[in-house]
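>>> Predicted structure and sequence below. I'll ask about it afterward.
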Amino acid sequence: MQAILRVACDRLVATEPLHCEPESLAAEAGIDPTVARDLFPDGNAVVRTVMESALRRQMDYLTRKLSEVSGEDPVAQLIAFGKAGVEWAVENRDDYHILNLPLAGQVVDADELVRYHRSLQTLTASMLRRVRERGQLRPEIDEVALLLIVRAFTYGLSRLYVDRQLRVWLPEQADMDKHAILNGALDAFAEMLFLPGAAQPIRSDA
């Protein structure tokens, strides 16, 4: 199964994604086509499995990283959560690219996609609410708007990494370590959202 999914993944991230019919994947992976057809009835089933597996890996990574930060500091949690999201995209470019393909909503179970996005939204909102209760969040920022801003920032930063556009946006810092750029961007973003002295920079060990 993994060999078939690997070939499907390679095709999906190609400049022009090819069809992922089980037989053609099996031929490329060197597997009996009958075995592939028994595992996956059609191409959509293959793509669905690839995407749902990527979703689970991403959630496992985010959850693990968040658990490493003290629950007593929601500001540090938010920064760590945002950092983990971008780092996962950088370290798993293919998975990130696949999850953001237009066909994701066509083949992945709608309920699972909704649960995925709602879980991220609920978790982020909970941390933001705790930050506001502690008086560390700028009072003029609407919670709904803030959720969108946070999502847009982490998504945009991830795309800059995944699409290798950093060299275009930061031509004079082309040799800078990617983790240094990530930390700097997140620290600056936190300073815009949180009241002075609230956010503590989280440095990468990588």
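Perfect, thanks for sending it.
>>> tell me how far stretch 72-85 is from the chain's mean position?
Stretch 72-85 has its average C-alpha position 14 Å from the chain's average C-alpha position, going by C-alpha atoms, centre = their mean, to the nearest Å.
>>> how about it: buried residues?
Using 16 or more other C-beta atoms under 10 Å as the test for burial, stretch 72-85 gives 73-85. Quick note: C-beta positions are derived from backbone N, CA and C, even for glycine.
>>> Give me the contact list for that stretch.
Defining contact as C-beta atoms under 8 Å, 6 or more residues apart in numbering, one finds that stretch 72-85 is touched by 61-62, 65-66, 68-71, 123-124, 127-128, 130-131, 134, 136, 150, 153-154, 158, 182-183, 186-187, 189-190, 194, 198-202, 204.
>>> mean confidence score for that stretch?
What stretch 72-85 shows for mean pLDDT is 89.
>>> got the buried residues for the host helix or strand of residue 63?
Element membership for residue 63 (DSSP states H and E) is helix 43-67. Residues 43, 46-52, 54-55, 58, 61-62, 65-66 are the ones in helix 43-67 that count as buried (16+ other C-beta under 10 Å).
>>> before we move on, what about stretch 3-23?
So stretch 3-23, judged by 16+ other C-beta under 10 Å, has buried residues 4, 5, 7, 8, 9, 11, 12, 17, 20, 21, 22.
>>> and that stretch, how far apart are its ends?
One end of stretch 3-23 to the other measures 13 Å (C-alpha to C-alpha, to the nearest Å).
>>> Can we start the residue count at 784 from this point?
Renumbered: residue one is now 784, and that last one reads stretch 786-806.
>>> Return the distance of it from the chain's centre.
Using C-alpha atoms, centre = their mean, the offset of stretch 786-806 from its chain centre is 20 Å.
>>> Residues contacting it, please?
Under C-beta under 8 Å, 6+ apart, the answer for stretch 786-806 is 807-809, 811-814, 816, 819-820, 822-826, 828-830, 832-833, 836, 876-878, 880-881, 884.
>>> switch the cut-off to 10 Å
The set of residues external to stretch 786-806 that reach it, using C-beta atoms under 10 Å, 6 or more residues apart in numbering, is 807-814, 816-830, 832-834, 836-837, 876-881, 884, 886, 890.
>>> Which ones among the contacts of stretch 855-868 map onto helices?
844-845, 848-849, 906-907, 910-911, 913-914, 933, 936-937, 941, 965-966, 969-970, 972-973 (DSSP state H).
>>> Thanks a lot, catch you later.
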